[in-house]
Every structure is written in C-alpha cells, then in structure tokens.
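In: 3D, please:
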Amino acid sequence: MIDVALAAKLRDAGLEWTPTVHDRFAIPAHDLDDRVFSLNDMSTEIRRFGDQSAIMFNGAVEWSLDWIMREKVVWLPTESQLRELLGDRFDSLNRTGTGFTCRTRSDPHGFTGDTASQAYALALLATL
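Out: Coordinates of the predicted model:
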C-alpha cells in the first residue's frame, strides 16, 4: 500500500476517485492520520462469549465521526488499481536490489519505489 503523502500527491495531480466497496482511504485530520479505513456494505466484529466467539453484523459503525465529506479523505489505491490506472502506458515492472522499477512507454528509465505499489504510483504521478 502506498502512504498517505504519495496518495495525496496523486489526488492533487488530478487522479479521479469513484469510491467503491473495499476501497481503502485515510483521513489526514482528526488525529486519524495513521488509520486506514475501508468502504464496506456492513461492518462486522468478533465478540467473545466465554469460550465461544460470534461474528456480529452492524448496520453502522458507532463512533463520533458519523460521516465525512469525500474531499476530506485520501484514497489509498491498491497495487492492482494503480496498475489498471496506468493502462496501456504501463510497460514493465522489475524487481531491483532494493525494491521495484515500473517502466512506462513514455519513460523507459522507470520509476523506482520500495514496493511495487510505490513504483506504480510514482509512474502514474508522472503521467498525470
């Protein structure tokens, strides 16, 4: 997963996000910078009853933040989403000694990151 700072750069460069179930995002405010949230149809949790456990289905998460405007959050696209966003601009991804290099058709030198996701994100950022 890419970090919030790189995701914010993608957003600021014009990356469009249409939220869908299972997308991950961060809220870079409200002292929640280090938390990753996921869009779900319904939240679930495990509750223990003695030596047994149950999966509880909740219609809404009960906490102090009931809603937030989409513009206040930062989408954290997955590795597969980043590669899909590169589309036909993507040329190759190669493991290096310390990470990964993503090459695009317009920049054969590539973009190197510690993870494949980071390399994809840097390549996508250059195309935006």
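
In: Contacts for the helix or strand of the chain with the lowest mean pLDDT next, please.
Out: The least trusted helix or strand in the chain, going by mean pLDDT, DSSP states H and E, turns out to be strand 52-58, with a mean of 76. Applying Cβ atoms under 8 Å, 6 or more residues apart in numbering, the external contacts of strand 52-58 come out as Met42, Ser43, Thr44, Glu45, Ile46, Arg47. In this view, the C-beta of every residue, glycine as well, is placed from N, C-alpha and C.

In: Check stretch 78-94 too.
Out: Counting by Cβ under 8 Å, 6+ apart, 1-2, 15, 24, 77, 100-106, 108, 110, 115-117, 119-121, 123-124, 127 sit against stretch 78-94.

In: buried subset of these?
Out: 1-2, 15, 24, 77, 100-104, 110, 116-117, 119-121, 123-124, 127 (16 or more other Cβ atoms under 10 Å).

In: Give me the subset of those lying in helices.
Out: Residues of the buried ones among the contacts of stretch 78-94 located in helices (DSSP state H): Ala116, Ser117, Ala119, Tyr120, Ala121, Ala123, Leu124, Thr127.

In: Make a markdown table from those and add distance to Leu85 to it.
Out: Converted to a markdown table, these look like this (distance: Cβ to Cβ, whole Å):
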| residue | distance to Leu85 |
| --- | --- |
| Ala116 | 14 |
| Ser117 | 12 |
| Ala119 | 13 |
| Tyr120 | 8 |
| Ala121 | 9 |
| Ala123 | 10 |
| Leu124 | 6 |
| Thr127 | 9 |
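
In: where does the residue lying closest to Leu15 once chain neighbours are set aside land on pLDDT?
Out: Spatial nearest neighbour of Leu15, chain neighbours left out: Leu128 (6.1 Å); criterion: Cβ to Cβ, 6 or more residues apart in numbering. Turning to Leu128, the model gives it a pLDDT of 94.

In: burial count for Leu128?
Out: Using other Cβ atoms under 10 Å, Leu128 has 13 neighbouring residues.

In: so who does it touch?
Out: Here Leu128 is in contact with Leu10, Ala13, Gly14, Leu15 (Cβ under 8 Å, 6+ apart).

In: Thanks again, I'm all set now.
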